[in-house]
Structure formats: structure tokens, C-alpha cells
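Q: take this sequence and fold it.
(4 chains)
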2 protein chains.
Amino acid sequence: MIGIEQRVAIFEGQLKQAGLRMTQQRRLILRILAEAHDHPDAKGIFTRAFEHDPTLSLSTVYRTMKLLESQGAIERHAFEDGVSRYEHADQQHHDHLIDVETGQVVEFSSPEIEALQAKIAAELGYEIVRHRLELYARKLPKAGRKRVKKDV
Amino acid sequence: MIGIEQRVAIFEGQLKQAGLRMTQQRRLILRILAEAHDHPDAKGIFTRAFEHDPTLSLSTVYRTMKLLESQGAIERHAFEDGVSRYEHADQQHHDHLIDVETGQVVEFSSPEIEALQAKIAAELGYEIVRHRLELYARKLPKAGRKRVKKDV
DNA sequence: ATGCAATTGCAAATGATTTGCATTATTCCT
DNA sequence: AGGAATAATGCAAATCATTTGCAATTGCAT
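A: Next comes the predicted model:
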């Protein structure tokens, strides 16, 4: 994981190359995203950013998210409720498990599943461009979880 | 796969149990769905149904889809474009591969992937309630596909 | 056939996201 | 530093899929 400053600097470079500008609001949103350890939606990002700059508008958040996504700086996910949620992209590929009770999102990755997906696609005559895998799950009672024996 | 008449009859029975009614529009929509071999969205269903009954409204389609879904008669999927698409539920579980070029949807199922998903969830302390797996893919050139040798 | 509640069609409401436009802010140049 | 050119912003209005309130209609049990 890289630092916020570096992320901002890298992004500023990308912008320059595209003839675009690094604005206060983009800097702010980038910072919010770097500090986020969850998967906030546009309104969530707006709320957090608004505390630092009450002149910021929700449209700018949306526009910035679109820009960041097109630059590959963030990833957009739409889980079951349909709203777009975002996370920064400086991490390895992973899929998501969503706790149906709390909405909490847990990340995981499985090379085995990826391999199977590729195999299935190939058998159907396709090559995968991208995929979406979400597990909607419920927490198991503790007894069912892997742990040190203690009370048996 | 069961026939349309049976599907309608079964559904009518479910309705009766719930104190609900079998209306002309529900019958029509059920028929449209049974005849569909793709994954139409509400507007698509509306368009097809409208040809048989021009008094039908889009709201009724939406309301009926919701009802059918709550009765387990159909499944709703929201692929990347966000709109809800429907398919009847009298078939075994499967996932979807979407051709990114044509939008065509291919169904597939993989017990191996399902097993891996369950294993991953268990390791994280969860049990899967449902999942969503979509492969966005591009057709391979024919040469790459399994086929009888012919022109080499 | 009659009545009551479920259902419908229509129009208006919602909610997330996008967009037009006038204003403001960045960047580049000197 | 000062200015011009134009990208970016804020705001309000527009979209788009989906939902909902309500008055009119229809299905169904009696």
C-alpha cells in the first residue's frame, strides 16, 4: 500500500498527461478515498469530504469518481442494492463477501476460483474480460469457526 | 422444464393460498416469461406483452415481477448495466457469462466453483446465503475453440 | 348476481446519477 | 507576478429505472 501523498502525486501526473487539472476538490476526494477502509458510495464520500470543504458539491464527487475510474485509480462496485461503491485500486485483485446482516464487506481472493472461471469460459469459447463475484453470507456461530479448543 | 399451462396452474394455486388473484395480466406475463429464452428486463416484457394486450401498463409488469419473485416463480438478475432482468425459476441453479460485445447471456454452472465459494466463506467464518457470479467475456477466435479439424 | 377486497392504469414521486450553463479556478506563458 | 485560455465547479434541472398513491375496475366467494 502506498501513501496518500504518493497517490496524489501519481494522479496529478496522470492528469497532466491528459491535459487535466489537479483541483482542491480532487485532492480532497483522493485523500478521503485513501483514508477509507470501507467501500463508500458517492454520498458517503461527499459527506466525509463535506466536513473539510462545505462548498463541495455532490456532482463533483460523481464527476471525480468517474474520472478516477477512467484513470484506473479506483474501482467501482455495485452490490445488490444497486448503488455504486468505490475503493482505491492500489491493491491486488479480490472479490467481496457481503454480510447480509450488517452489510459489512469482507475482501478475499481465490486463485483457484479464478482458474476455474477461465476454464469454464474457455470451454464455452470465451476469454474473460472481467468478472463479478459476490458472496452474500451470514456469520457462523462461533462454534463453527476454526479456533483453538477451549471449552469442549 | 414444465409446460406453460402447468406453470400458470401452479402459480394460480400459490396465489389462492395467499388470498391473491389470478388476473389476465398476470396470466399474460407468466406466458411471456415461459416463452422467453433470454433474460428480458421489465420494458422488454412489457413490449412483448403489450402486443397481446395494449391496455397493460408498465407498472403492472413491475408489480407482477415483484410478486413472482417473492413467490419464487422467477429470478431477478442485475448485470452490469444495472437494470433488472428476469428469468423463470424452474431450472437448476446456474451463473451467467455475458458476451461483452453482443450482450448475449450464456448460462453455466460449476459445482467446483460453488464448493470453493462455500469453503472460502467458511474460512472467513460465514455461510453463504446466495451469491452472484458473472463472467464478462469475449468470444475467442474459432481457431482457439474445441472443434473437428477441417481446414488445416 | 352482488359485494368486498385485490388489482390495475395513470400520473406523480423517488433515488441515484448525469448534464447544461454561467461562474470560478488552474495552468501555461511572458 | 499578471493575463489569457479553458478545464472544473456548483447549482438546478434532466434522466432513467422503479415505486407508489389513488380512483376506477375486476376477480372471486357467497
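Q: how far does the helix or strand containing A:Arg130 sit from the chain's center?
A: Of the helices and strands defined by DSSP states H and E, A:Arg130 is found in strand A:126-139. Computed by Cα atoms, centre = their mean, to the nearest Å, the chain-centroid distance of strand A:126-139 equals 14 Å.
Q: just want the angle from it to strand B:126-139.
A: On the basis of axes from the mean of the first three to the mean of the last three Cα atoms, to 10 degrees, strand A:126-139 is oriented at 170 degrees to strand B:126-139.
Q: now strand A:126-139: mean pLDDT?
A: This predicted structure assigns strand A:126-139 an average pLDDT of 97.
Q: measure how buried A:Leu33 is and give me the count.
A: By the criterion of other Cβ atoms under 10 Å in any protein chain shown, A:Leu33 has 23 neighbours. All C-beta spots, glycine's among them, are computed from the backbone N, C-alpha and C.
Q: setting the sequence-adjacent residues aside, check what's closest to it.
A: The shortest distance from A:Leu33 to any non-neighbouring residue, by Cβ to Cβ, 6 or more residues apart in numbering or on different chains, is to A:His88 (5.1 Å).
Q: also A:Ser110?
A: Leaving out its chain neighbours, the residue that sits closest to A:Ser110 by Cβ to Cβ, 6+ apart is B:Ile120, at 5.7 Å.
Q: which bits of chain A sit near DNA strand D?
A: Proximity of chain A to DNA strand D, by Cβ under 7 Å from any atom of the strand, involves residues A:15, A:19-21, A:23, A:25-26, A:53, A:55-57, A:59-60, A:63-64.
Q: per-residue confidence for the residue nearest to A:Ser110?
A: The predicted local distance difference test score for B:Ile120 is 98.
Q: quick one: residues contacting it.
A: Contact analysis of B:Ile120 by Cβ atoms under 8 Å, 6 or more residues apart in numbering or on different chains lists A:Leu97, A:Phe108, A:Ser110, A:Ile113, A:Leu135.
Q: list the contacts for A:Glu134?
A: Taking Cβ under 8 Å, 6+ apart as the criterion, A:Glu134 is in contact with A:Phe79, A:Glu80, A:Asp95, A:His96, A:Leu97, A:Ile98, B:His131, B:Arg132, B:Leu133.
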